[in-house]
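A.B. asks: this is the structure alone, sequence omitted:
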């Protein structure tokens, strides 16, 4: 079983809509989370990190972390076609240098 | 934005062949990583390094060797390539402080026939 699991595997939302992506860790050592985004033909790029319980907002993107349940989510409001991509959740333990990635969620934003 | 350059972009080899994938970063980052990307598995860490001459084993190291010759250059070696190693390979770098973001290259698509 993967230590970092994402759901859903794929998601389709209309332009201007809200996209919600989920991620859960099965390893209690994983306390630090990142969201990465990968457009077709490119390498992944970091979107945002979240290390503390609660919400963190960066523009149209909001991440939410619940350390007790090891659950992190990413919400994209006012979704744009350019947000269509593969989104990865990644986690690390206290040592920090090594990231473990989930299987990814493919987001499609319909014009 | 940190620059990580991988070569080649595409590579085709036969079962049992030797393959070397190259990665160079020009941002004086301490850490470098090799990941493979497969549908349903996301990105899985093969090897990583925190400096020239150093090598750390990742989560899926079997069948792979790696070497960090300088701070800038990190190589992934497949000495007896197998079809199961057909994948998209990414190199990444980071400064190496706790929980730093990774900067990825554009990837190398490897096909083992």
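C.D. replies: Alright, I've got the coordinates. Source: prediction; values computed, not measured. Numbers count the residues shown, from 1 in each chain, chains lettered A, B, ... in the order given.
A.B. asks: now do the same contact list for the one residue sitting closest to the centre of chain B.
C.D. replies: Centroid-nearest residue in chain B, with CA atoms, centre = their mean: residue B:34, separated by 2.6 Å. Residue B:34 sits next to B:21, B:23, B:45-48, B:58, B:64, B:66, B:74, B:76, B:89-91 when contact means CB atoms under 8 Å, 6 or more residues apart in numbering or on different chains. To be clear about C-beta, it is placed using only N, CA and C from the backbone, and glycine gets the same treatment.
A.B. asks: recalculate using a threshold of 6 Å.
C.D. replies: Counting by CB atoms under 6 Å, 6 or more residues apart in numbering or on different chains, residue B:34 touches B:46-47, B:76, B:91.
A.B. asks: which residues touch residue A:10?
C.D. replies: Applying CB under 6 Å, 6+ apart, the residues near residue A:10 are residue A:106.
A.B. asks: same thing with residue A:102?
C.D. replies: A:4-6, A:23, A:88-89, B:42.
A.B. asks: now for the residues you listed: which two are most distant?
C.D. replies: A:5 and A:88 (11.8 Å; CB to CB).
A.B. asks: residue B:92: neighbour count?
C.D. replies: Number of residues near residue B:92 (other CB atoms under 10 Å in any protein chain shown) recorded here: 27.
A.B. asks: any idea what it is bridged to?
C.D. replies: Counting by DSSP bridges, residue B:92 is bridged to residue B:33, residue B:104.
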